Every structure is written in C-alpha cells, then in structure tokens.
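Trainee: got a predicted structure plus its sequence, pasted below:
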Amino acid sequence: MSSFYRPETIIDATGFAKSGGDAAYLAGGHTLIPAMKSRLRDPDALIDLSGIDGLDTIFRDGDRLWIGAMTRHVDVQENETARDAIPALSSLAGLIGDPQVRNRGTLGGSVANNDPAADYPAAVLALDAVIETDHRQHDADDFFEGMFATALDEGELITRIGFRVPQAAAYAKFAHPASRYALVGVFVAKYAEGYRVAVTGAAAGVFRWTDAEAALNSGGSVEGLRLDSEDLNTDIHASAEYRAHLATVMLRRAMGDMK
Amino acid sequence: MGLAQNQTGDTVARMTISLTVNSARYTLDVSADRLLVDVLRDHLHMTGTHIGCDTSQCGACNVLIDGKAVKSCTVLAGQADGADITTIEGLAKEGTLHPMQAAFKDAHGLQCGFCTPGMVIAGIAIARRHGHDVDEKTIAHDLEGNLCRCTGYKNIVKAIKAGAAAGGGQ
C-alpha cells in the first residue's frame, strides 16, 4: 500500500480512486482489513471515507428511509427514525457480527462488498431499495451480480441507500455460530402490491425467492416450499440440502415475526 | 506522506498521525499499513492491549475509540488519526482500580488473564449500553465478540454484572 488518503469531499474521494493503480475505498474496514491481512487484497491506495461529512445521516422522506453509506451498524440498530420506519432493518443490523464489529462496520461497505453471506444485501433487495452513488442511482433488482460483484463501476462510490418503507417486514437468519454470518437469511417485506422475499447466505449471491413471493401473494402456505438445492452452496458449514431446508424454516420464522 | 519499505520489501506510505491515548497526546510517524494495536504496543509500548487472534474474532485487542469499544486489530493507524483512545492502562486513576477492573479482581473474573483487557473494555461498554442493573443473559449475549480460552465465562459475566452495579460504565 503506497498511499493512504482521507479526503473531505466526495469529489476528492472519487478523484483519488481514478488517479491510477488499484485503489480501494475504506469504509468501516471490517471486511477489507481482514482481506488485506489474509493477502486476498493488496490495494495500492486506500481512500478512507470517514473524513467526509454527511455520509452518515438517517432520515425519512415520504415512503423512503434514507441511510448514509458510512452509517455504522450500531446506528441503524439504535436510530429512532430507522426503528420507527422499518424495525426489521434495525433488528437485522443488530444481528451483524458482535458489538465491537457493529461499532465500525458500515451499510455502504457491506452493500458494495456484496459478500454472499452478508445480511444487508437481503434487506436492500427485499426492501426494493435505491442505491445512490456519486453520479447515478441503481435499483436493487439490478444491483447485485453474484459473489462479491455489483453493478458499481470502478471508482463509483455509494453515498446513501433509500429503503422503501413496507407495510410490514421481518428478517430471520440462521447464523454461523462463530462468524455470525448467515448460513441462510431470509428477509420478507410486504407491500400493497405484494410480497418481496430475498435470501442471503444460501447461494453465490443474494436472490429473490419468487416461488415464495407467489405463494404469499396468493395467500397459500409456505410449508411445502423448498429451494432447489442444485442452485445452493455446499461448504464445510452446511450442505446445499441443509441450506434448502433452512431457507424454508427461516421463511416461516420471518412470517411469524412480521411487523 | 513519504514512502518506505516494510519488512517484506513492499513500498508503503509513511504518515504522521496525531492521537490521544489515555488523555496524553501523541504525534507519530508510522507506516500506513500498521494496525492500531501495533501502534499502541510497538510505538507507545502499551502492551496491555493484547493480540489474540488478529482476525477480528476474539476481542483481546478491544480499546475504546471516542468512547466506543472497537477491535484495534481491525483499525489502521491512518483511521485512528485524530481519535481519542482509552486502553486498559488508562482505566485506573492514581493507583485506584476502575470499578470494572476491581469487579474482575473481586469476582475472580480471570484465569490466565490474556483476554482480560478486552473483557474489561467490553464490560465497560456493556455497562454504558445497558445501565447499572444489566442482567447476566444480556451480558453473556453482548460478549459474543470476546473469547476466553480458559472458558472462564461464568465469573467474567459475574464480574461485569458487579462492575456495572458499581458504576463501571463511567
């Protein structure tokens, strides 16, 4: 790492990112720094975003709850505006990592990284969010592109995320007991026009469970629903068949916790 | 910001950072890839903050940054520029243990002692978050980011409960 920048404006931050070499934005650092320690990442330059004012505000505007990209998990968990608008989102933030991790990790960092077992992508997708960056907006449905991949261009910086306030929502996850990442997490959001169901942890990236949405929209039972394990991950923590089973259980739990 | 080579021969930025540790102000010239825990231990010779896992799991390296408990193995020196940090060395005042430290001593909340600095810092944060009458279930849950390899959790939880009751959130 030959450079460490701490810009005070978004324009300076994106300018550094475009100045050549492999530059990485540093938000809370709770994915990037471990990745650097294990030699998975070796950026030439780090651009620390913590010096930019205004990236950690939370406010409601009509049917959207806007949360700044540098907002720490603990603040999403505890902020009254967030809790009142979408309690399921605040609850989700309180399930990430542990208290020390939640004091550092950020919404924008998690969404930009798109870890296949991260919690926030499920909320972004189920809550029909808008991902606002330094120069455009992305719809959640077009944003996540599989494992650690998103629609962000090189150097594009997430500034805030607007979650569409649902009538009711809930998130249920079966956490890996050590890392607290989701073996499977299911986020359910109910809107006037129907349900949106997003699944994280189970496959190469977050995805919408359209069969579950159709069943819920028609008032049917979710008991018989099962994801095709052909499409799911197998690793040392869980088989694809077990993840398929867990998804059904987490969906049922989320439906029992809607508020 | 200049450049230098680290132990593995890579070119690394050097930078000057200013930070407050236990109410004393320091200005240091460090490699940008140094971790805060290394700055505390190797530059400031405050070795009370321990490195247990170095992978953000165990919490032995917990310190308070601007009043919030944080794993100092997962903060870069540059991120700590301008921060106000409290380590385990900064808790006792004029020879009197902080209430949370005293509670760990009284409740035998340690065996080998390696995780203790991080546990005490976590305990202070728990007392601040949940108040003086926090229950044992809440304490146990909020210790999910701290590991004790002696598995001495029972007395650690008792110590934090007693420490919170004795004003350990201050």
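Mentor: Arrived safely.
Trainee: make it CA atoms for all contacts and neighbour counts henceforth
Mentor: Fine.
Trainee: residues near residue 64, how many?
Mentor: Going with chain A. 20 (other Cα atoms under 10 Å in any protein chain shown).
Trainee: think we crossed wires, I meant chain B
Mentor: Neighbour tally, B:L64, other Cα under 10 Å: 24.
Trainee: beta partners of it?
Mentor: B:A69, B:T86 (DSSP bridges).
Trainee: for it, what are its contacts?
Mentor: The contact partners of B:L64, by Cα atoms under 8 Å, 6 or more residues apart in numbering or on different chains, come to B:V70, B:I85, B:T86, B:T87, B:I121.
Trainee: who's in contact with the nearest residue to A:L49 once chain neighbours are set aside?
Mentor: Counting by Cα to Cα, 6 or more residues apart in numbering or on different chains, A:L49 lies nearest to A:A27, which is 5.6 Å off, once chain neighbours are set aside. Counting by Cα under 8 Å, 6+ apart, A:A27 touches A:D48, A:L49, A:S50, A:M70, A:G105, A:T106, A:G108, A:G109.
Trainee: likewise for A:T210?
Mentor: Counting by Cα under 8 Å, 6+ apart, A:T210 has contacts A:V197.
Trainee: repeat that for B:T74.
Mentor: Counting by Cα under 8 Å, 6+ apart, B:T74 has contacts A:G29, A:H30, A:I33, A:P34, B:L35, B:L36, B:D54, B:T55, B:S56.
Trainee: now, those residues that are in helices?
Mentor: Using DSSP state H, A:I33, A:P34, B:L36 are the members of the contacts of B:T74 that sit in helices.
Trainee: just after the longest strand anywhere in chain A, pick out the following helix or strand.
Mentor: Using DSSP state E, we find that the single longest strand of chain A is strand A:182-191. For strand A:182-191, the following helix or strand on the C-terminal side (DSSP states H and E) is strand A:194-200.
Trainee: which ones are touching the residue minimising distance to the centre of chain A?
Mentor: The residue lying closest to the centre of chain A (Cα atoms, centre = their mean) is A:Y120, at 2.1 Å. Contacts for A:Y120 (Cα under 8 Å, 6+ apart) come out as A:L92, A:A93, A:L107, A:S110, A:V111.
Trainee: neighbour-wise, which one of these leads?
Mentor: Most surrounded of these: other Cα under 10 Å gives A:L107, at 26 neighbours.
Trainee: show the contacting residues for the nearest residue to that one once chain neighbours are set aside.
Mentor: Nearest residue to A:L107, sequence neighbours excluded (Cα to Cα, 6+ apart): A:A69, at 5.4 Å. Contacts for A:A69 (Cα under 8 Å, 6+ apart) come out as A:L55, A:D56, A:T106, A:L107, A:G108, A:G109, A:I158, A:T159, A:R160, A:I161.
Trainee: mind listing the strands for the chain?
Mentor: Using chain A. Under DSSP E, chain A gives strands at A:3-5, A:23-26, A:45-48, A:58-61, A:64-68, A:130-133, A:137-139, A:158-164, A:168-175, A:182-191, A:194-200, A:207-208.
Trainee: I was after chain B.
Mentor: Under DSSP E, chain B gives strands at B:2-5, B:11-21, B:24-31, B:62-65, B:68-71, B:84-86.
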